[in-house]
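*Asks:* give me coordinates for this.
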Amino acid sequence: METSQPHVITLELAKKLNWLRAAVLGANDGIVSTAGLVMGVAGATTDNGAILIAGVAALVAGSISMAGGEYASVSAQRDSEIASRIRHEGIQRKFAKDEHVSPMSAAVASFISFALGSVLPIVAITGPWTEYREAATIVSVVISLAITGYVAAIIGGAKPLRPVLRNVAVSLVTMAAAYGVGMILGVAVA
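*Replies:* Here you go, the predicted model:
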């Protein structure tokens with residue numbers, strides 16, 4: 001008879017999982033938020049230059065924001081873990097740097113993955129297929145988010161259907177809402 005061993009997460013595994021979480025979150029957010037922004041601008045104007053500028057600005061600002069948020073979040077988590085350990089163990093020793101997940105590695109993963117995720121909707125919306133740019137963006141975003149949801153689920157050991165549907169649904173709502181706002185405000189401004 002087999003006895004089940006408790007699932008133990010080693011420090012190395014925790015670091016990898018944190019990096020994976022930051023990378024998946026960054027990529028998803030880069031895809032969704034940039035797609036929403038460029039779809040909103042496309043709803044307001046047909047000017048490819050304006051759409052491209054908005055997309056690149058979203059890539060830059062979003063990448064920096066995601067990295068900063070990830071750094072602050074992981075740093076706060078690490079600080080809380082250290083404080084809790086000191087309180088519970090009653091010691092005040094210095095912890096080695098390798099005992100905790102690195103805020104910098106999570107920030108870098110988030111920065112890079114957001115930027116890479118942002119590229120897809122920018123290319124899809126500003127490509128030479130101007131008559132079909134919104135459709136091209138929707139299709140590319142849905143496919144890419146289905147893939148990231150699937151990969152994240154498989155790596156995390158979860159069933160993929162729910163994460164895929166969640167990613168796709170959020171992206172469709174985001175793009176539709178932003179496009180609608182762009183259309184309403186674009187007409188109001190014109």
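*Asks:* from now on I want contacts and neighbour counts done on CA atoms only, so please keep to that.
*Replies:* Will do.
*Asks:* mind naming the longest helix for the chain?
*Replies:* helix 48-89 (DSSP state H).
*Asks:* after that helix, next one along is what?
*Replies:* Using DSSP states H and E, the helix or strand that follows helix 48-89 in sequence is helix 103-126.
*Asks:* how far off helix 48-89 does that following helix point, in degrees?
*Replies:* 160 degrees (axes from the mean of the first three to the mean of the last three CA atoms, to 10 degrees).
*Asks:* could I have helix 103-126 exported to CSV, CA atoms only?
*Replies:* Extracted in CSV, the C-alpha atoms of helix 103-126 (Å, rounded to 0.1, in the frame of the first residue of the first chain):
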residue,chain,number,x,y,z
PRO,A,103,11.9,40.7,-6.0
MET,A,104,14.3,41.7,-8.9
SER,A,105,13.9,38.4,-10.8
ALA,A,106,10.1,38.7,-10.5
ALA,A,107,10.2,42.3,-11.7
VAL,A,108,12.4,41.5,-14.6
ALA,A,109,10.1,38.5,-15.6
SER,A,110,7.1,40.8,-15.4
PHE,A,111,8.7,43.6,-17.4
ILE,A,112,9.9,41.4,-20.2
SER,A,113,6.7,39.3,-20.4
PHE,A,114,4.4,42.4,-20.4
ALA,A,115,6.5,44.0,-23.2
LEU,A,116,6.4,40.7,-25.3
GLY,A,117,2.7,40.3,-24.7
SER,A,118,2.1,43.9,-25.8
VAL,A,119,3.8,43.5,-29.2
LEU,A,120,1.1,41.1,-30.5
PRO,A,121,-1.9,43.5,-30.3
ILE,A,122,0.2,46.4,-31.6
VAL,A,123,1.3,44.4,-34.7
ALA,A,124,-2.3,43.1,-35.2
ILE,A,125,-3.9,46.5,-35.0
THR,A,126,-1.4,48.4,-37.1
